[in-house]
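Enquirer: give me a 3D structure for the following:
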Amino acid sequence: KISAVALVVLLFVSFVCCVDLEVQVFYNGKPQPQSMYLRGDGLGLNWDQGILMQKSADTDFLWTAVLSYNASNVGDVVEMKPLEGDTSWSIGANFQVRLPSVSSAAQFYPWFWSKAGEYKVIGSLFSPQLNNSRDIIVYTPPSYNENTLKTMKNVLVMHDGQNLFNASTSFGGIAWNCDDTINQLVVEGQMEEVLIIGAYNTPDRLDEYTYVYDPCYTTNFKGDCEGGGGKGDLYLDFLIENVVPYVVESGYRIETERENMGILGSSLGGLISCYGAWTRSSAYSKGGCMSSSFWWDKQDFNKDILENYPVPFAETIYLDSGDCCPEPYSDDRYQTEAVRNHMEELGFALGEDLFYYLDEGGQHNEYYWGRRFDVPMKDLYPITNSPTSPK
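Expert: Okay, here's the model as predicted:
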C-alpha cells in the first residue's frame, strides 16, 4: 500500500514534472536537408550546439523534438532556432514560445536561403461597385517561395499600388520600395513576415479614397468652392469582396480572418485606411495611416467618425506625419495629433494599441513615406510568440 506521505509526494511530482513541448519543424525546401537541429536558450537547449531532431517516418517534410519542463517553467518564454545540419541557421527572428501549462505542440516554418521577397502584378480586376478596373500587385516575403508549406498569417492591403515597389510606375518616379524595407527587417529579425496586396489607384482616386462628400475641398481660380469625394465605402467593399478573394483564387497562401488583415496608405489613402480600420473592424485588426488627410470635410474623421461610431475592439492603429511646413499645412501634423489625442481619450494606449511617429523634416510625398516605412512595419508587425496547441 502507498502511504499518505508517498501519495502526496507522488501527486506533487506529477504536478510539477513532465510537461512536454513537442517542437514541430515543417520545411520542404530544396535540396532536402539531411538533418535538422534545434538550438535555443532553455529546456536543455543552448546556442552553441543543437540537439538532433527526429525526422518523421510519414513525411519528408517534418522534424520533431520533445522538450520537457515542470510547473515552475510555465509562462516562461523560450527562444529557439532550427538549423540544417547544425551549421546553417534559419533566417529571420528566433522562434519564441511561451510555455503552456499542459503538454502541447509548437509548429515552426523556417527557411534557410532566401533573403528577398518578390512582387508581381497578378492581373487587372474589375470592380462592380465602382464600374472600373485596376491592376493588383502582390508582394510575397522571403520565405514564401522557399518553404511552400507556410501560409502567410499577416496580410496587408495597401492603396496606390503602383507606388509601392517599382519606380517606373510610381508617381514622380519615386517608389516606396516596401519590398526592400520588409526584406531587410525580416532578415534582421525585427518584424514578422507580411504579404502585401496593393490595389493600383485610378483617375477616380479622390472619390474612392474619401468616404464622405466634401463640398469645398478646393477652390477654383475664381475662389469658388469645388466639392467631391464620397465613394470610399464602395471602394472598401471592393477590397474585401473582390480584391482579397481574387488573390486567394490566384493561388496565394494567405489567411484572411480579421486578426490576419491590415490596411495601410498615405495621404487620402491614410484617411481611407483609418476609416476602414475604424468602421470595418470585423475585416481588419490593424490600420496604418500615414500623413493622413484628416483635414477632409472640416476634419470629419475626428469630429464625426471618432465621435459617433463605436470604438473598435482589439484594433491596432498607427498614425504618423511629417513636420516640413508651417501650420496649417505641416504634412497634416496638427490634424493627426488631434486624432491621436482623441483616440487616447477613447481608451487607446500609446505604445500598445496606438502608435504615433513624427518624421522631423518629413514632406508629403512618396520619398518620405518610403523612407519611414520601417516604422509602421515594426509597430504593426513585431515578433510575437508562436502559438501552441494542446496534445
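Enquirer: mind giving me the domain split of this protein?
Expert: Domain assignment for the chain by automatic domain parsing gives 4-112, 118-388.
Enquirer: can I get those domains in a markdown table including mean neighbour count and mean pLDDT?
Expert: Backbone N, C-alpha and C define where each C-beta goes, glycine included. Compiled in a markdown table, the domains of the chain are given as follows (neighbours: other CB atoms under 10 Å; pLDDT from 0 to 100):
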| stretch | mean neighbour count | mean pLDDT |
| --- | --- | --- |
| domain 4-112 | 16 | 90 |
| domain 118-388 | 18 | 96 |
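Enquirer: now the helices: where do they sit in the stretch 1-150 of the chain?
Expert: Secondary structure of the stretch 1-150 of the chain, counting by DSSP state H, counting those that start in this stretch: helices at 4-16.
Enquirer: all strands of it, in order?
Expert: If DSSP state E, counting those that start in this stretch is used as the criterion, the strands of the stretch 1-150 of the chain fall at 19-26, 36-40, 51-52, 54-55, 62-69, 77-84, 88-89, 95-98, 104-108, 118-127, 132-140.
Enquirer: show me what residue 228 is bridged to.
Expert: As for beta bridges, residue 228 partners with residue 214 under DSSP bridges.
Enquirer: thinking again about what came up before, output the strands of the stretch 1-150 of the chain as CSV; include the columns distance to residue 248.
Expert: Compiled in CSV, the strands of the stretch 1-150 of the chain are given as follows (distance: least, CB to CB, whole Å):
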stretch, distance to residue 248
strand 19-26, 21
strand 36-40, 31
strand 51-52, 38
strand 54-55, 32
strand 62-69, 26
strand 77-84, 29
strand 88-89, 32
strand 95-98, 27
strand 104-108, 22
strand 118-127, 11
strand 132-140, 11
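Enquirer: which one of these lies nearest to residue 376?
Expert: In terms of CB to CB, the element of the strands of the stretch 1-150 of the chain nearest to residue 376 is strand 132-140, at 15.0 Å.
Enquirer: now that closest one: how far from the chain's centre is it?
Expert: 18 Å (CA atoms, centre = their mean, to the nearest Å).
Enquirer: note down every partner strand of that strand and its orientation.
Expert: Going by DSSP bridges, the partners of strand 132-140 are strand 118-127 (antiparallel), strand 195-199 (antiparallel).
Enquirer: pull the CA atoms of that strand into PDB?
Expert: Provided in PDB are the C-alpha atoms of strand 132-140 (Å, rounded to 0.1, in the frame of the first residue of the first chain):
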ATOM      1  CA  ASN A 132     -13.800  50.400 -63.300                       C
ATOM      2  CA  SER A 133     -10.700  48.200 -63.400                       C
ATOM      3  CA  ARG A 134      -7.300  48.400 -61.900                       C
ATOM      4  CA  ASP A 135      -4.100  46.300 -61.600                       C
ATOM      5  CA  ILE A 136      -3.500  44.300 -58.400                       C
ATOM      6  CA  ILE A 137       0.100  43.800 -57.300                       C
ATOM      7  CA  VAL A 138       1.200  41.200 -54.700                       C
ATOM      8  CA  TYR A 139       4.400  41.100 -52.700                       C
ATOM      9  CA  THR A 140       5.400  37.800 -51.100                       C
END
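Enquirer: hang on, the earlier thing: in TSV, list the strands paired with strand 132-140 along with distance to residue 313.
Expert: Output for the strands paired with strand 132-140, formatted as TSV (distance: least, CB to CB, whole Å):
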stretch	distance to residue 313
strand 118-127	29
strand 195-199	24
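Enquirer: do you know which of these lies nearest residue 72?
Expert: strand 195-199 (39.3 Å).
Enquirer: which SSE is immediately downstream of the closest one?
Expert: helix 205-208 (DSSP states H and E).
Enquirer: what sits against residue 34?
Expert: Shown in contact with residue 34 (CB atoms under 8 Å, 6 or more residues apart in numbering): 84-85.
Enquirer: on that earlier part again, and the strands paired with strand 132-140: which comes nearest residue 310?
Expert: Of all the strands paired with strand 132-140, the one in closest proximity to residue 310, counting by CB to CB, is strand 195-199 (26.6 Å).
Enquirer: would you confirm that residue 193 contacts residue 141?
Expert: Yes - using CB atoms under 8 Å, residue 193 is in contact with residue 141, at 3.9 Å.
Enquirer: what do these two both touch?
Expert: Joint contacts of residue 193 and residue 141 (CB under 8 Å, 6+ apart) are 152, 182, 186.
Enquirer: ok, and what's touching stretch 170-177?
Expert: So stretch 170-177 is contacted by 160, 162-167, 169, 365-367, 369-370, 373 (CB under 8 Å, 6+ apart).
Enquirer: looking at those, which is nearest residue 306?
Expert: For the contacts of stretch 170-177, the residue nearest residue 306 by CB to CB is residue 369; the value is 23.4 Å.
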